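> Fold the stuff below for me.
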Amino acid sequence: MAKASTKREDNTKRLRYIRVLERFTSSIINYLTKVEESTKAVFDKKVDNNKRYLDRIEKIPLYKGEFNELEKLVEKIISYRDSDKEFDEIKKDLLYSANQIEKSVNQRQYKKDKHATSKFKDWE
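Here you go, the predicted model:
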């Protein structure tokens, strides 16, 4: 019975870690997309404020590709906080990376054919 409870605890820790990663990235990406005039100092402050949540939770190994990419994006955001690059380059790179992750997630989802009935019109 102890195995089931440790498995459940590991699962909840993993989910909590994933949610914190998603919260961190979504907050930063929303900030980058909505604010037109911003500076590196404001970006650094935003990253520091959101990093508090990451510091509270322990890092757990993730096995799924999209979550690994999300974790890499978080590490990239944190590394840009300490870099000397221009803010426009940082913004462009982070938005591109976030878009690529979103595209890979959406690509795996089932999409219904828009004109499924029209492809059989030749048979009539």
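> Break down the chain into its helices, ranges please.
2-34, 40-56, 65-81, 87-108 (DSSP state H).
> Could you find the closest non-adjacent residue to E86?
In space, not counting the residues next to it along the chain, E86 is nearest to K40; the distance is 7.9 Å by Cβ to Cβ, 6 or more residues apart in numbering. The way it works is simple: take the backbone N, C-alpha and C, and place the C-beta from them, glycine included.
> what's the answer for E69, then?
Nearest non-adjacent residue to E69 (Cβ to Cβ, 6+ apart): I101, at 5.0 Å.
> of all the helices of the chain, which gets the most neighbours per residue?
helix 65-81 (a mean of 16; mean count of other Cβ atoms under 10 Å).
> Kindly calculate the angle that that one makes with helix 2-34.
50 degrees (axes from the mean of the first three to the mean of the last three Cα atoms, to 10 degrees).
> tilt between helix 65-81 and helix 40-56?
130 degrees.
> which helices and strands does helix 65-81 pack with?
The contact analysis (3 or more Cβ pairs under 8 Å, 6 or more residues apart in numbering; DSSP states H and E) places helix 65-81 against helix 2-34, helix 40-56, helix 87-108.
> Centre of the chain to that helix, how far?
Centroid separation for helix 65-81 versus its chain: 7 Å, with Cα atoms, centre = their mean, to the nearest Å.
> Using PDB, write out every CA atom in it.
Below are the C-alpha coordinates for helix 65-81, written out as PDB (Å, rounded to 0.1, in the frame of the first residue of the first chain):
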ATOM      1  CA  GLY A  65       8.800  16.000 -24.900                       C
ATOM      2  CA  GLU A  66       6.600  19.100 -24.600                       C
ATOM      3  CA  PHE A  67       7.300  19.400 -20.900                       C
ATOM      4  CA  ASN A  68      11.000  19.100 -21.500                       C
ATOM      5  CA  GLU A  69      10.700  21.800 -24.100                       C
ATOM      6  CA  LEU A  70       8.800  23.900 -21.500                       C
ATOM      7  CA  GLU A  71      11.500  23.400 -19.000                       C
ATOM      8  CA  LYS A  72      14.100  24.400 -21.500                       C
ATOM      9  CA  LEU A  73      12.100  27.600 -22.200                       C
ATOM     10  CA  VAL A  74      12.000  28.400 -18.500                       C
ATOM     11  CA  GLU A  75      15.800  27.900 -18.300                       C
ATOM     12  CA  LYS A  76      16.200  30.200 -21.400                       C
ATOM     13  CA  ILE A  77      14.100  32.900 -19.800                       C
ATOM     14  CA  ILE A  78      16.100  32.800 -16.600                       C
ATOM     15  CA  SER A  79      19.400  32.800 -18.600                       C
ATOM     16  CA  TYR A  80      18.200  35.900 -20.600                       C
ATOM     17  CA  ARG A  81      17.600  37.600 -17.300                       C
END
